[in-house]
Structures are given as C-alpha cells and as structure tokens.
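Asks: I need the structure of the sequence given here:
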Amino acid sequence: MRTQPIILVVDDEPAILELVKDILSPAGYLVNTATNGKEALAAIQAHPYDLVLTDMIMPQMGGMELVQYLRLHHPETLVIVFTGFASYQDAVDAVKLGAFDYLPKPLQPEILRHAIERALDYQRLLRSQRDLETVFQGAESLGWQALELVSATPEAAVLGELREQAWPQKDLKEVGRIFLEAAQKLLQVSNSSIFLYDAVRGQFSGLAALGPDAEAKTGAMITAEGVMGYVATHRRPLLVPDLSRDSQLSLMPRRTIYQTNSFMVIPLTGYKFWGVINLADREDKSPFNSRDLFLGWLMGRLLVEILEAREAPEEVFIPSLTTWITKEIPVGMAFLDQDLRVVRSNPALERMVSLAKANLAGQNLLPCLRLSATDRDSLAQGFQQVLASQEPREFFSLKSSPQDVGVRYLAIKMFPVPDEHNVRRGLLLVEDVTEAEQLKQRLELYEHLAIMGKLTLCVAHELNNPLDGIRRYLSLAIIKKDDPASVERYLTEAQKGLQKMSLSIKSLMFSANPFKGPPRASDTVVNLLQDAIKIMMFQASDQRVQVDFSASPEFEKIITEADLYYVFINIIKNALQAMPQGGCLKVNCSLQDRQMEIAFQDNGAGLTAEEMDHIFQPFYSTKEGAQGLGLGLPICQKILARYDGRLAVESQRGQGTTVRVLLPYAESGVLHGK
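Replies: Next up, the predicted model:
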C-alpha cells in the first residue's frame, strides 16, 4: 500500500528548517521539524519516521549523539547529516557510525532531493530483502512442493518445457545451455552462466554461459572468492537491484563487468552445494525484482533435481565406495544392512567407537556412537526413510559422550546404496566436528557478549521511564495509605509499569536473533505463536503497534511441527506492514466446533474488494512497486494444506483485516503434517 514517507528535519537554524520544508513538501513528503537533538528524540519516541535529516552542531544534543541513538534504537530509520566546513570530519565519523550520507551546507535543492530518494530506495531494498528472507524460509519448508506455487501462471509453461527438454539430455553442458536459454526467455537476461563447485579443489568450473565472453566462462576454473564465494558460504539466493548502493558487495572483487548494476546469483543446493546460476543484464536494462529472484530460485531447484539424478552411474558407484571405505581417511564410513548392523567399516570409524573390525561387524552401530536415546531414535527413523525414499539425509552436531573421553560432536550423513540383488543397504559417513562446534559456540558467545553490551544501553533507556513511574506511584500509595481506593489505583498503575518493563526486556532479548526459526523441530502451537510474536515485537514496538495475545488452555497441549511458525511470521509481518503509523494487532486462539482457530486481527487500512479477489494469486502484492513478492499467503496455504488446514481472510477498506488460520482439532494432542 502506498504511504507518504515521513521525514524529520533537525536543525537549530529556523531558516534551514523552512528551506528544507519548502524543498520537500511539494515533492510529496510529510515533513516535521525539531530545533535540537532532544526535541528530535521526543518526536521519534512519539512517532516513527522513515528518514531523519540532522545538523551536526546543535545546542543540548548534537547530530552525532542523535545518530548513535537512532542506530541503536531505530536501526531501520536512516539518517542524513548536514555539515558545514568546520564539522566536515564529524560528518565523516557519523557516516562511519551508521549515517547513510552527509550533505554540505549551503544545501542545494537537487542534491538534497537526490540524496533523499537514494536513502528511501535503500530503505525499501532492506525491507524487501527482509521480507524475501521470510518468504524463502517458508518456501524451503515446502520442499519440492514450492514448484506448485506457479502452476497457474504463464511462467509454469516455460518451466514445464524446460523440464521436458533438459531431463533426457545426456550431455551436462547441453543441459546447462538449455537452462540459460530458458532464463533468457523467462527473465529476459542477456548475460548468464552456470558454475559447478568442486569441493575438493575449492573452485568453481564453468558449465555453460550465454552473452559476452561466453566461451571464456565455459570451462573456466575460478577460486571460491568474490560474490560467488559469498553465495557459496551463505547458500541464500542473492538479489542485487543496484550494486552501487550495496556497500558490502561493491567492495568484493568482480571478474565480470556487467552492463547494468543489477544481477542475481542462485545457489544450487540439495543434499550438497552444487554451484551457482549467475543472471545479469536484463534486455530492457531494468533491475531485477523479487519475482525474478523467486523464478530463478525455482529454476535452481529444478537443475539440482537433474544434477542429483545424474550423479555417478550405478555401475561405478559401489566399486568406488568400496575402494574409499578401505582407505585410511579421517571420515568414519560403514555399510549397514536394513537393521543398522555393520556389514563393513573403515579404520577411522573403528577408532571413533574404540572397537576393532572383528568386534564391530554385525553390531548395531547406533549404540556404539554413544548418542542420546532421542538422537538414536531420530537416526534409526532417518535411516529407514533413506532406504524407503532413496534420498540421502544429514544430521548435524549430534552430541556424543564416549567413556573416558570428553564430550564430542558428530555429523552423520546417510546414503542409500543400490544393490543388484535388491538387498537394502545404506552407507553412513560419520565425521568428528567437535572442533568446529566448539569454535561455533565460542563465536556465538562473543556475539552474545557484544549484543548484551548493546542491550544494556537499550535496557537502561527502555526501563528508565516506567521505573520512574513505578517509584512515583508507590510513593503516592504510601502517602495515601489511609485511602484504600487511591492505594489500589496507584498500585494498579505501578503494576502496568512492571508489565511494560517485562515486555521491553523480552522484546530486547529476542531482537538479538531476528527472523530465525524456532530452535526445536516441533513444539506446542502456543510456543510457536509466542516465538513468532516475540521475534516481531521489536518491529511492532518501533511502529507503535500494540500486540495482544490470548489462547485457550487446549492450545498449550497440542504439539505440532515447526513449519507452522513460518505461517505465523508471514501473517504477523503482513499485519504490521498494514499499520506503519501504529495500531493494534490482536492474536486469539480458540476452539470453534472442534476446529482450532487462530485469528490475527489488525486495525490497518484494510483491503478493497478487488485486492481481496487476488491476494492468494502468486506474485500479486499490495505493496508499492517491486517490494512485495506476493508469495507469502500462497506459501501459508501450502503449509496449512499439509495439516488439512486453510486460511480465511476478512477485510474492508478502512476497517482493518482479520486473517484466520483454521486447523483440525488434534484429539491425540499431536497435529501431524502430511
């Protein structure tokens, strides 16, 4: 929905305030003013702003202190500082501290407008990337069902034709060429390439390319650095609408100079990292958007499916593994029968379990690994799923407690092994990742300490005002101790202050890990909802949105899988986006005719009848420009369908929106997905 950007201008010179207001108001911006930093703080605490323009040198509180406050408490609010010659170095320091830009005085109207447009574009980009991350989390939880999200769109025909053409091809380079031609048709790209990753060498090798220098890229060997190395590390789809505005990526080395500043890199990730698809230079020179990234991601999923199906011919698969398993390598290996008994093992595994080959053969391997009962059960179930589905599985950082040895952590990979006699067997790779896990825990500790330092400042600010109110109300209660009605009123107000302090502390603590899924694979419906609300509480607080949550006792007993968390996150995010200037979101869980209902009711702008007709269509979005991908609700529908659930949306323009998650009541106390 379109909203006017709200800008706060801070300067102790009235002439500057009037000048900026005269320049920006005709351009469609809402402009408020403050004469010093303290006035600005009061305005910011009362109302959210998209952008703050501030002078560096002012009485009472200068621009540097204002920048520090905003970066800590309102990181989404961008800051542009004004500077005269004397404060030039302060302006440079402010940019290093987190200000978006600085402008010299006297202010030039065109330069000022251009700087503001750049800042607001960058802010929209950050919000879009955050929304994309939420959408991709939900899409990935769907797995291969994500391909069905575009089944009713024109793009589905292109993807279907791509699958038919690429699957029967014997030559892998021809497969790559077919994919790039499909990308040209689907996304209008004129410069594209596919690079496969060689984990042994730590290099990318060019599989196929179209556009300038196509021949040089095909077959080229490239080290895992720069943007492709960045994607290989993070394994997330990368969309760069404008490289010149991305301070992190613009500093990375680039081997190819594109005609435009917009490009995408799609990681090819299945049970391992296969490589990347690079897509650049749209034919009309326009930047890529969220829809393009999702279509590229779908192409990547399809290519991974083909690569995994083509890996290693069957006739050389077993002999190769047989050779490897007898070698002295640091990864433990074992062939297991369908009952998890060891058929054959290598010396590395025998050292891990402190048993010789003669003692290990014929034994069930899982008890030998000294894992917890829960982990053993998960591995046993996972192994049977691998044999049944013929799809590999991975388990990360399983805690092992061998006798006379300190705690260690194991990473386990399971692979199905085809056999000419139809004997069901599997291969287990067991790697000791204790050192990596300890380093990870140490890094998390350091990050936690850094976060706690910032949170200390936040807590001091957030708790000071309600604490002062509590002290005042308690003092009044003591003074009025002979008046029970007054004492009750003052104690009630003090209790409200304590509740506000509790909410502030929880919000601040959960802000340390935004948009990460719940730590458990399954949990109660109430806990998943509370996790989602807590994650979004910082944004809600920043927008002055009050969140009220209530649930029937039955919801605290029903256990379900964690993918419902992404449904709750998407719905709450949409509700907050509908209330940029504040409001109220009510989340209520109730039982209706033996059906679980979770209602999310906001008092935002609401939707028109025309918008209501399209909200479940893929790629339809009510957000301005290319910010919205339009897949949040379709993904929610797909996830809920696993539980025989559905979404119901009620909305009217100007009267807010209610989204209801309807799920069958689980008599057993466990709500299973299909």
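Asks: So if we follow the domain assignment, how does the protein break up?
Replies: 6-107, 153-310, 315-432 (automatic domain parsing).
Asks: residue contacts, Lys21?
Replies: Taking CB atoms under 8 Å, 6 or more residues apart in numbering as the definition of contact, the neighbours of Lys21 are 9, 31, 33. Glycine gets a C-beta too; all of them are placed from N, C-alpha and C.
Asks: let's see it at 10 Å
Replies: With contact set as CB atoms under 10 Å, 6 or more residues apart in numbering, Lys21 has these partners: 7, 9, 29, 31-33.
Asks: Which two of the residues you listed have the greatest separation?
Replies: For the contacts of Lys21, with distances taken as CB to CB, the pair at the greatest spread is Tyr29 and Thr33 (12.4 Å).
Asks: which outside residues touch stretch 474-483?
Replies: 486-494, 497.
Asks: will you turn these into a markdown table that also has distance to Glu650 and neighbour count?
Replies: Written out in a markdown table, the entries for these read as follows (distance: CB to CB, whole Å; neighbours: other CB atoms under 10 Å):
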| residue | distance to Glu650 | neighbour count |
| --- | --- | --- |
| Ser486 | 44 | 14 |
| Val487 | 44 | 17 |
| Glu488 | 40 | 12 |
| Arg489 | 38 | 15 |
| Tyr490 | 41 | 21 |
| Leu491 | 40 | 15 |
| Thr492 | 35 | 11 |
| Glu493 | 36 | 16 |
| Ala494 | 39 | 19 |
| Gly497 | 36 | 20 |
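Asks: Select from the residues you listed every entry located in helices.
Replies: Secondary structure from DSSP state H places 486-494, 497 of these in helices.
Asks: Can you tell me which helix or strand of this protein has the lowest average pLDDT?
Replies: helix 314-325 (a mean of 43; mean pLDDT, DSSP states H and E).
Asks: need the next SSE after that helix, C-terminal direction.
Replies: Past helix 314-325, further along toward the C-terminus, the next helix or strand under DSSP states H and E is strand 332-337.
Asks: Can you give me the buried ones in that next one?
Replies: Taking 16 or more other CB atoms under 10 Å as the neighbour-count basis, strand 332-337 is seen to contain the buried residues 332-336.
Asks: What of stretch 186-206?
Replies: Buried residues in stretch 186-206, counting neighbours by 16+ other CB under 10 Å, are found at 186-187, 189-197, 203-206.
Asks: Need the max-distance pair from those residues.
Replies: Looking at those by CB to CB, the two members farthest from one another are Leu186 and Gln203, with 28.7 Å of separation.
Asks: Surely Lys534 is within a strand?
Replies: No: counting by DSSP: H, G, I helix; E, B strand; the rest coil, Lys534 is located in no strand; its state is helix.
Asks: what pLDDT does it get?
Replies: Lys534 carries a pLDDT value of 81.
Asks: Can you give me the neighbour number for it?
Replies: Neighbours of Lys534 under the rule other CB atoms under 10 Å: 16.
Asks: distance of it from Ala599?
Replies: In this structure, Lys534 and Ala599 are 19 Å apart, going by CB to CB, to the nearest Å.
Asks: which stretches of the stretch 301-450 of the chain aren't confidently modelled?
Replies: 312-329, 356-358, 403-405, 418-422, 443-450 (pLDDT under 70).
Asks: all strands of it, in order?
Replies: In the stretch 301-450 of the chain, the segments counted as strands under DSSP state E, counting those that start in this stretch are 332-337, 342-345, 393-400, 408-417, 425-432.
Asks: So which elements touch the fourth one?
Replies: Yep, that's strand 408-417 we're talking about. helix 314-325, strand 332-337, helix 373-389, strand 393-400, strand 425-432, helix 434-479 (3 or more CB pairs under 10 Å, 6 or more residues apart in numbering; DSSP states H and E).
Asks: relative to helix 373-389, how tilted is that strand?
Replies: Strand 408-417 and helix 373-389 meet at an angle of 20 degrees, taking axes from the mean of the first three to the mean of the last three CA atoms, to 10 degrees as the criterion.
Asks: Could you check stretch 353-369 and say which residues are buried?
Replies: 353, 355, 360, 365-366, 368-369.
Asks: ok, back up a step: so which of the contacts of Lys21 belong to helices?
Replies: Residues of the contacts of Lys21 located in helices (DSSP H): none.
Asks: Need these in a markdown table (columns: neighbour count, distance to Met414 and pLDDT).
Replies: As requested, the contacts of Lys21 are arranged in a markdown table below (neighbours: other CB atoms under 10 Å; distance: CB to CB, whole Å; pLDDT from 0 to 100):
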| residue | neighbour count | distance to Met414 | pLDDT |
| --- | --- | --- | --- |
| Ile7 | 23 | 56 | 92 |
| Val9 | 24 | 61 | 93 |
| Tyr29 | 19 | 58 | 88 |
| Val31 | 18 | 61 | 91 |
| Asn32 | 16 | 60 | 92 |
| Thr33 | 19 | 64 | 92 |
